[in-house]
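J.: Using only what follows, build the 3D model:
(chains A and B)
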Amino acid sequence: MNGYEIALALCGIIALYAAVRVVLEKDTMRKLPFLNVVSFAISGSIVLLIPHPLAIVAAAAYFVGSTLESNAIASTYAGGPKDE
Amino acid sequence: MPAEPLHILIAAMVSWANFVTIDVFFKLPEKGGVSGASEIGRHIEEGGGALHGGYMMGNIVSSPDASAGTLLASCGVYAAGIPGGLFAALLVYIGNRICYDPGYAGTTGCITATFIVYGFTLIGFSAAEFIVGMVIAILTIQGISHVHSSRLLATLWRWRQG
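T.: Okay, here's the model as predicted:
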């Protein structure tokens, strides 16, 4: 295995591990940091798998989208904005 | 130890230092930036962790911070060199605004990481090693033990406050 293959394999293993932790964690709020790790690993894998400069746009779009979803889930769970 | 795993380990430590330093400098552990981030902090505290470390972890979940900046900068440098990293900083800036985050931790982290990663590519590292290094770095904070990582971040926050 060269460095690229090790990097991709590690991203995949970490994504799977974090996905299992999301399922096993009982507390909804504490699931979200594990979900965050999944987003990191998948974004990294997107760029490693697609050898093109615009892959960065795909990775950023995926990452920002998943972050926004986590933000929305957590804020809804917390009862919506309180400081506006 | 073969070169690649050693490089990945060093890249993970450099990425970790970059994003934790910038996040703590930009006061992410002080309070939750949005109500969801505060709620995550409180739940981590209920689980036995530290409140301010929990706030920082909630902020990392809720908006692209310096950790996301470091990841996307590595991706940008991997795909297109320094212009790719700076383009990633623009995307992080847009992402911050979309996520209702008034801060600049993500953009700053992305710009510093671009130059750090590019510097390391000049001495034989690959940007791919920094991509997986950042994934490992975020795993240590968000994905192993919330109790211990939040306590560590709270300790760093106390140092930051002097």
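
J.: Just the closest residue of chain B to chain A, please.
T.: Residue nearest to chain A within chain B: B:Gly36 (2.6 Å; C-beta to the nearest C-beta). (C-beta placed from N, C-alpha, C; glycine too.)

J.: Now do the helix or strand that contains that residue: which elements does it pack against?
T.: B:Gly36 belongs to helix B:35-46 when elements are defined using DSSP states H and E. The helices and strands touching helix B:35-46, judged by 3 or more C-beta pairs under 8 Å, 6 or more residues apart in numbering or on different chains; DSSP states H and E, are helix A:28-49, helix A:55-77, helix B:51-62, helix B:146-161.

J.: Please identify the buried residues of it?
T.: Residues of helix B:35-46 classed as buried by neighbour count (16 or more other C-beta atoms under 10 Å in any protein chain shown): B:Ser35, B:Gly36, B:Ala37, B:Ser38, B:Glu39, B:Ile40, B:Gly41, B:Arg42, B:His43, B:Ile44, B:Glu45.

J.: sec struct for the residue nearest the centre of chain B, please.
T.: Closest to where the C-alpha atoms of chain B average out (C-alpha atoms, centre = their mean) is B:Ser67, at 1.7 Å. Following DSSP: H, G, I helix; E, B strand; the rest coil, B:Ser67 is assigned to helix.

J.: Skipping its backbone neighbours, what lies nearest it in space?
T.: B:Phe19 (4.1 Å; C-beta to C-beta, 6 or more residues apart in numbering or on different chains).

J.: Just the mean pLDDT for the helix or strand containing that neighbour, thanks.
T.: Using DSSP H and E, the element containing B:Phe19 is helix B:3-25. Helix B:3-25 carries an average pLDDT of 92.

J.: So which bits of that helix are buried?
T.: Here helix B:3-25 shows B:4, B:7-8, B:11-12, B:14-16, B:18-20, B:22-24 as buried, counting by 16+ other C-beta under 10 Å.
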